[in-house]
Each structure stands twice: as C-alpha cells, then as structure tokens.
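# Need a 3D model of the following:
(2 chains)
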Amino acid sequence: MTRQPAIEAEGLHKRFGTVHALDDVSFAVAPGTILGLLGPNGAGKTTVVKVLTTLIRPDAGSARVAGFDVLAQAAQVRSAVGLAGQQAAVDPLLTGRENLDLIATLHHLGRRETRRRVRELLDRFDLTDAADRRASTYSGGMRRRLDLAASLIGQPHVLVLDEPTAGLDPASRQALWGTIRSLVDQGTTALLTTQYLEEADQLAHDIVVINHGQLVAYGTPEQLKAQVGGHRIELELVNPTDASCALPALQDIAGTSPAVIDPHSGRLIVPITGGAAPTAAVIRALDTAGFDVADLAVRRPTLDDVFVTLTGTATPRDPADPLVVGGSAS
Amino acid sequence: MTATLTAGLRDTAAMTRRNLYHYLRVPALITLALTQGVLFVVMFTYVFEGAIQTPGVAYVDYLMPGILVLAVAFGSPNTGVGLAEDLTTGMLDRFRSLPMARPALLAGRTLADAIRNVVVVLLMIGVGYSIGFRFHVGPLATAAAIALPVAVGYVLSWFAALVGLVTGDAETAGTASLLPIIPLVFTSSAFVPINTMPGPLQAWADINPITPIIDAIRALIIGGPTATPVLQATAWLAALAALAIPLAISRYHHATQ
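The predicted model follows:
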C-alpha cells in the first residue's frame, strides 16, 4: 500500500519580474522522510519553501502539504506545517519563554497546553536555564534552537527548514542534525534547503537539486553519486612535479582505468572500475617505478561532484559566505 | 463565525501584548515619546504665545489640539519601523505561516501604539495643566477631546504600517512616514489662525483634513459649536481609515522577506 506523500509539488511555476524563480518543479516527499533541496544561491530553494508554507502563491502548478492544498486550504496547511526560515525569527526583546508563549497562543493551543508545550520544548532544546532571559542575549546557536522550538510548537506533521544550519558552528550544526533526525524518527516529515552538500548527504533520504528554478536531479544521495561515477584513488607524490612521469606506471593496474592528473590539485587520480580499491597494487606499481607516495586516499564521489556535474557551478556557495563545508571548494 | 472572531481578538491581544512588552523592555521608546510631548507643550506655548494673537482664548488652550496631534503624528512612524523590522528579521514570515488571524499582527501593533498615544496625550494634558491649560466644556467633550488625537494617531499608524510593509526597510519607513507630517500639521489650523495665511496656503489649509480635526478638538476644549467640526473630523478619520486599513492588510497578505 502506498501512503499519500506528505509533501507533493506538481509543476510549480513562479516568476518575479523577468526571473523565472521556479520553472516546472515537481517532487514528492514520503511521510517520515527528509528531502534535501539543494541548489546554489538564487536557484529557487526559498521560493519552494515559501510556496509550501503559503507565504507566496505559485503562478501555476499545485502543491499539497500534509494532504492540504496550499492555495485552497491554506489555513489547514498553516496548522500542519512548521517553518524555520533562513534567519532565526525570534523576537530579541522577548524572553525565550515569551517567544514560545506567543507562538503557542497564535496556534490557539489553549492555556494549559501552551504551558506544557513551552516547558517541554524549552527542555528539549536545552533552553530551560535561559528561558527567562531576553533572546537578544542568546548565542547564534541558542537562537536557532529557539527558532526551531517555535516552529515545533504546533506539533507540525511537516517541517520546512530553510538553511537551518547557516552560520552555525560545527558543534551546533551536529546537534541540530541530531534533533532533525530524531523528529523524523518520530514521524515528522522534513524538507530542508541547504547549500551544504555534506548536510544533504548526512540527513536527506532524497535529494532534489535545483538550478535556475529548474529541477536538475532527483534521487537518493547514492543514486546521484552513482550518476557521476564510482570510487577513485587520489595520490600525492612526495615530489608532486613527478606526477606526469608517474602516469605510465599507473596505466595497467587490474580494476582501474588509466590514471589522470587533477588539473586543480596536481594529484594523481586513479579511477576504480571494480569493487574493492586495489590500493596495494597502485603503491607497488609506484614503488617499482621509483616514486614515493606522500598521501593516498580512496574517495567516493561527493555531492560536490554531483553538483558541479549537474549545475556547472564550480562552487555552490556565496563567495561572501564564510562557512565552507565539503571537499572541493575551489 | 463567532469562533473565528474570538480567535481573531485573542490573536490581536497576543500581538498587542508583544508590542507593549517592547515598550517595557526598551523604556527609551516610551520615555522619548513622553519627553517629546512635554517639550512640545512647554516649548510651543512659551515660544509662540507672545507672537500669535488668539483673541479671547489663552494661547495654551488654542495650541493644545495642534501639539497633541503633532505628538501622536510624530509617534506614528514607529508602527511602520516595527513592521519593517519584522519583515527583515523573518518574524513576519513566521507569523504569516501560523494559523493565526491574518490581520492580528497589524491590529495588535497599531493597538499597542494607540495605547502608547493615550499615555502621551494624558501626560501632555497634565503638563499643560501646570502651565495654565484648561478644558472649558463638560466631561463628555473632554473625553472626546482626548479621544480624537488618539484616533488621529491610530489612523496615521495604519498609513505608517502600509509604508513600513511597502518599503520593507526600517530606516526608509521611518523617514518616509515622518516626511509628510510637518507640512500637513503646520499648514492646518494647528498653530495659527488660517486667516493669517497667504491666499493659496489658506485655500489649502481649508481642505487639509488636519484642519477640521484640529477645529473639532479645539471646539471640544474651548467651547462653541462642536457638532459640525466633530462630524467633519470623524468623517475624515473614517475615510482615511477606510483607505489605509484595507491597503495595509492586503499588503501584509503578500509581504514576505
């Protein structure tokens, strides 16, 4: 039996002036799974988020969230969805508790339920000690947690997170990933946009890659990686200028394709065609030819590679963004 | 229907409380507004008193309607500034994604600012009393004379809300909604009798909506025929509210970061 998707987008179109922010975007998210929406800045990720949370209306196409149509049943969608936007949307002049109280009141939870939920969420997000301090005194990570707590007040079936870990330090990011995972384990469905490929790889069951408003790939992280090729051995020689001389020694090793030199790093790349990585054979071949290996790594293709292949964007990040995660920042 | 209305009122109350908290948490907001009001009373009275002839009426009595309106008008840009901030910080997106009554954010914000205006107006009247200001008509007229400036501030708050949502930037919103206030208030009957103005300005002052509002408050304070100016003032305020409120709400429906 197939269950109804928790999120379903069909042929979404949205134009802002001459910019085609969404151009025929369709996808579905199964209940209790995480969809990673990946794309460079300006790809249309936030537009998808806004359509799904009823903040903007698509020009064409339709979307259903928790079974409700975002246009015809916007009120029901708002009851079923929790939004954590790009910035932590908390009132800095209110305390953490007052922030949550306000959102709970606006969810019409009733006084007792409000108190119970607020206490539970403060506790869950480790904010109980800071609950009666103004949010303006919180660290970035605490604000993010408060923001996520606010988005969970209404016990949403569907959680929509727009770059939830942007600007967080690695420890806070890990903690937030854990929270999102445990929410999904309990049955929540999540859509999260991210520019961090590692994040999508770690969290998402399925990934949608969009670029210039168009869907360019859709599948599991494994499927996407398989699309750009298999494993490879990356080598650095003690004397890197020897790399081109070493190429002939790496032509005929069983289970590999002929080696190439990565034009950026100058490293030797040995594509693996078989299952196991013939690392020992590669080292022996180099040793026999008289080259000393400084560094060797077996790499699987990363989503970075997927990204570059699919979008032609060398780096899917804003150059102004100080946080760089993932392997191939060039 | 009743349930919707009750929920709407409860949401409005929650949003009002949020904005009143802001006044408690940043006392400078209210202190500055109060200081400005007091300054207006004292400064305008003593600076203009000797120069402007208002036969048969103490100048402070003549002046009070104008400075009450000026003070609430000066406070109105705050509404737009706050909303523009909510827009840029993503708060507005959060509120719009909640199952709350949609106009509640604007209704709560403008109501909180109206409550601030009540405090400002009462303090100004109190200070006025200490330098000779008096109400000369009955309690009903007095109540109406206090309510009218608050109503002016309320309607201007909705215009400021619209400006805040359209500009989406706190600084621009503040400057833009402050801009028309001085010209509007000063080219009315607020500070000098209209018949002392040059011809074209007089013609403008006659149709300036601030003029009938000031005339109405003045009549309620000093005495004389009140029915016509109060009706005119109310009609103007209702018309301006009927323009600003739907525009601001419809803008809110589409406002997003």
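
# next helix or strand past the longest helix seen in chain A?
Longest helix in chain A, counting residues (DSSP state H): helix A:170-185. On the C-terminal side of helix A:170-185, the closest following helix or strand by DSSP states H and E is strand A:189-194.

# what distance separates that following strand from the centre of its chain?
The gap between the average C-alpha position of strand A:189-194 and the chain average comes to 7 Å, counting by C-alpha atoms, centre = their mean, to the nearest Å.

# average model confidence for the helix or strand that that strand is followed by?
Using DSSP H and E, the helix or strand that follows strand A:189-194 in sequence is helix A:197-203. Per-residue confidence for helix A:197-203 averages out to 84 on the pLDDT scale.

# can I assume residue B:204 is in contact with residue B:186?
No: applying C-beta atoms under 8 Å, one finds residue B:204 not in contact with residue B:186, separated by 11.2 Å. Using the backbone N, CA and C atoms, a C-beta is placed for each residue, glycine as well.

# Contact residues of the stretch 151-257 of chain B facing chain A?
Taking C-beta under 8 Å from any C-beta of the partner chain as the criterion, the stretch 151-257 of chain B approaches chain A at residues B:254, B:256-257.

# Name the member of those with the most neighbours.
Neighbour count (other C-beta atoms under 10 Å in any protein chain shown) singles out residue B:257 as the most crowded of these, with 20 neighbours.

# Flag every buried residue along stretch B:195-212.
Under the neighbour-count criterion of 16 or more other C-beta atoms under 10 Å in any protein chain shown, stretch B:195-212 has B:197, B:205, B:208-212 buried.

# In the stretch 151-257 of chain B, what residue lies closest to chain A?
Proximity of the stretch 151-257 of chain B to chain A (C-beta to the nearest C-beta) peaks at residue B:256, 4.8 Å away.

# Share the number of residues neighbouring residue 55, please.
Looking at chain A here, since you left the chain open. For residue A:55, the tally of surrounding residues (other C-beta under 10 Å) stands at 24.

# wrong one, chain B
By other C-beta under 10 Å, the residues close to residue B:55 number 6.

# Dead centre of the chain: give me the residue that sits there.
Picking chain A for this. Chain A has residue A:200 as the residue nearest its centroid, 3.2 Å off, counting by C-alpha atoms, centre = their mean.

# was after chain B, sorry
residue B:153 (1.3 Å).

# okay but that one is in contact with residue B:70, surely?
No: Residue B:153 is not in contact with residue B:70 according to C-beta under 8 Å; the separation is 10.5 Å.

# Need the contact partners of the host helix or strand of residue B:217.
In the assignment (DSSP H and E), residue B:217 maps to helix B:210-222. Residues from elsewhere that reach helix B:210-222 (C-beta atoms under 8 Å, 6 or more residues apart in numbering or on different chains): B:57, B:61-62, B:64-66, B:68-69, B:135-137, B:141-142, B:144-145, B:148-149, B:152, B:184-185, B:187-190, B:194, B:205, B:225-226, B:229-230, B:232-234, B:236-237.

# try 6 Å
Contacts to helix B:210-222, defined as C-beta atoms under 6 Å, 6 or more residues apart in numbering or on different chains, come from residues B:57, B:61, B:65-66, B:135-136, B:141, B:144-145, B:148, B:152, B:184-185, B:188-190, B:205, B:226, B:229-230, B:232-233.

# Same question for stretch A:50-58.
Taking C-beta under 6 Å, 6+ apart as the criterion, the residues outside stretch A:50-58 that touch it are A:12, A:14, A:63, A:65, A:70, A:74, A:77-78, A:81, A:83, A:160, B:93, B:96-97, B:256.

# What of stretch B:111-126?
Outside stretch B:111-126, the residues within contact range by C-beta under 6 Å, 6+ apart are B:16, B:19-20, B:33-34, B:37, B:41, B:68, B:71-72, B:79, B:146, B:149-150, B:153-154, B:157.

# Quick one: mean pLDDT over it.
96.

# what do you get for stretch A:46-59?
95.

# And it, end to end?
For stretch A:46-59, the first-to-last residue distance is 15 Å (C-alpha to C-alpha, to the nearest Å).

# If you count neighbours, what's buried in that stretch?
A:46-56, A:58.

# Now rank the contacts of stretch A:50-58 by neighbours and give me the top one.
Ranking the contacts of stretch A:50-58 using other C-beta under 10 Å puts residue A:65 first, with 30 neighbours.

# Can you give the contact residues for the helix or strand hosting residue A:223?
Assigned by DSSP H and E, residue A:223 falls within helix A:221-227. Applying C-beta under 6 Å, 6+ apart, the contact partners of helix A:221-227 are A:201, A:207, A:217, A:301, A:306.

# make it 7 Å
Outside of helix A:221-227, the residues that reach it under the criterion C-beta atoms under 7 Å, 6 or more residues apart in numbering or on different chains are A:200-201, A:204, A:207, A:217, A:300-301, A:303, A:306.

# now the spatially closest residue to residue B:128 that is not a sequence neighbour: how far from chain A?
Nearest in space to residue B:128, with sequence neighbours left out and distances taken as C-beta to C-beta, 6 or more residues apart in numbering or on different chains, is residue B:41 at 5.2 Å. For residue B:41, the distance to chain A equals 30 Å [C-beta to the nearest C-beta, to the nearest Å].
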